[in-house]
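Q: need a 3D model of the following:
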Amino acid sequence: MSVREDAPTTEVQPAASAPSIADPAPLGLAGFALTTFLLSAANAKWMGSASGQAWLGYAFAYGGLIQLLAGMWEFKNRNVFGSTAFSTYGGFWLGLGLWALLVAPHATATQANHDLGWILLAFAIFNTYMLLMSTQVNMAVFGVFLTLEITEILLFIGGFANSSGTVKAGGYFGVLTALVAWYASAAGVSNGLANSKIRLPVGKPLFT
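A: Numbering: from 1, shown residues only. Got it, this is the predicted structure:
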């Protein structure tokens with residue numbers, strides 16, 4: 001007995017694959033870059049006519065929350081490096097913002113400097129192994145972690161030594177870090193656009 005073509009069958013149809021999500025890395029890099037730029041400009045003493053606290057709100061909203069979300073989306077993409085980096089630095093900005101609001105107003109200048117020294121030392125340790133791992137990503141990302149490593153080292157030395165000159169140098173390198181991160185973000189956007197007429201190179205990994 002033959003089965004008509006329109007008769008119902010019990011054959012299991014393959015499940016439709018879940019749609020992929022857009023690459024969250026350019027957004028995470030942009031959030032990191034902007035907040036780093038604002039704080040670094042203050043550290044470099046470029047904000048003489050401003051409050052110097054322009055970075056604070058963005059530590060919560062952009063560098064913090066948005067970057068943390070980018071890290072969560074990287075988990076969806078099964079990107080261990082991206083999820084760890086963005087989630088950690090999203091937490092960094094949220095934590096630094098809370099410290100600035102809750103602790104810094106009640107601390108002496110020396111205590112605040114030493115607090116920042118310990119905070120930046122801890123993140124420099126994290127950044128060191130992420131810098132090593134970034135050699136397997138691409139040159140743009142490696143550049144972000146390299147300049148950030150120098151920035152964090154200068155800032156924690158300046159904090160422990162109560163050296164405004166060293167902190168100022170850290171501010172200059174922080175601005176450079178932000179520019180490199182913005183470039184990496186722009187490259188991610190340009191390369192993620194379908195039929196894009198602009199392709200920004202990110203460079204090959206140092207090690208594969």
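Q: let me know the helix or strand that residue 144 is in.
A: According to DSSP states H and E, residue 144 maps onto helix 139-161.
Q: after that helix comes which helix or strand?
A: Following helix 139-161 toward the C-terminus (DSSP H and E): helix 164-192.
Q: got the buried residues for that following helix?
A: Buried residues in helix 164-192, counted by 16 or more other Cβ atoms under 10 Å: 166-167, 169-190. Any C-beta I mention is one placed from the backbone N, CA and C, and that applies to glycine too.
Q: which helix or which strand is home to residue 128?
A: Element membership for residue 128 (DSSP H and E) is helix 109-134.
Q: report the angle between the axes of that helix and helix 139-161?
A: 160 degrees (axes from the mean of the first three to the mean of the last three Cα atoms, to 10 degrees).
Q: tell me what helix 109-134 is packed against?
A: helix 80-102, helix 139-161 (3 or more Cβ pairs under 8 Å, 6 or more residues apart in numbering; DSSP states H and E).
Q: so residue 205: helix, strand or coil?
A: Under DSSP: H, G, I helix; E, B strand; the rest coil, residue 205 falls in the coil class.
Q: returning to what we had before: for the helix holding residue 144, give the mean pLDDT please.
A: What helix 139-161 shows for mean pLDDT is 98.
Q: hang on, the earlier thing: and the helix holding residue 128 with helix 80-102, angle?
A: 170 degrees.
Q: return the set of buried residues in helix 109-134.
A: Per 16+ other Cβ under 10 Å, helix 109-134 contains these buried residues: 112-114, 116-117, 119-121, 123-124, 127, 130-131, 133-134.
Q: which two in those are spaced the farthest apart?
A: 112 and 133 (31.9 Å; Cβ to Cβ).
Q: can you count the residues close to residue 91?
A: 15 (other Cβ atoms under 10 Å).
Q: do you know how far the residue nearest to it when sequence neighbours are not counted is from residue 28?
A: Nearest non-adjacent residue to residue 91, counting by Cβ to Cβ, 6 or more residues apart in numbering: residue 68, 6.7 Å away. Distance, residue 68 to residue 28, by Cβ to Cβ, to the nearest Å: 9 Å.
Q: can you dump the C-alpha coordinates of the helix holding residue 144 into PDB?
A: C-alpha atoms of helix 139-161 as PDB (Å, rounded to 0.1, in the frame of the first residue of the first chain):
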ATOM      1  CA  MET A 139      47.000  42.900  16.100                       C
ATOM      2  CA  ALA A 140      44.300  45.500  16.800                       C
ATOM      3  CA  VAL A 141      43.200  43.700  20.000                       C
ATOM      4  CA  PHE A 142      46.800  43.100  21.000                       C
ATOM      5  CA  GLY A 143      47.400  46.800  20.600                       C
ATOM      6  CA  VAL A 144      44.500  47.500  23.000                       C
ATOM      7  CA  PHE A 145      45.800  45.200  25.700                       C
ATOM      8  CA  LEU A 146      49.400  46.400  25.200                       C
ATOM      9  CA  THR A 147      48.700  50.100  25.600                       C
ATOM     10  CA  LEU A 148      46.300  49.300  28.500                       C
ATOM     11  CA  GLU A 149      49.000  47.300  30.300                       C
ATOM     12  CA  ILE A 150      51.400  50.300  30.200                       C
ATOM     13  CA  THR A 151      48.600  52.600  31.300                       C
ATOM     14  CA  GLU A 152      47.700  50.400  34.300                       C
ATOM     15  CA  ILE A 153      51.300  50.000  35.300                       C
ATOM     16  CA  LEU A 154      51.900  53.700  35.200                       C
ATOM     17  CA  LEU A 155      48.700  54.400  37.200                       C
ATOM     18  CA  PHE A 156      49.400  52.000  40.000                       C
ATOM     19  CA  ILE A 157      53.000  53.200  40.300                       C
ATOM     20  CA  GLY A 158      51.700  56.700  40.400                       C
ATOM     21  CA  GLY A 159      49.100  55.800  43.000                       C
ATOM     22  CA  PHE A 160      51.500  54.100  45.400                       C
ATOM     23  CA  ALA A 161      54.100  56.800  45.000                       C
END
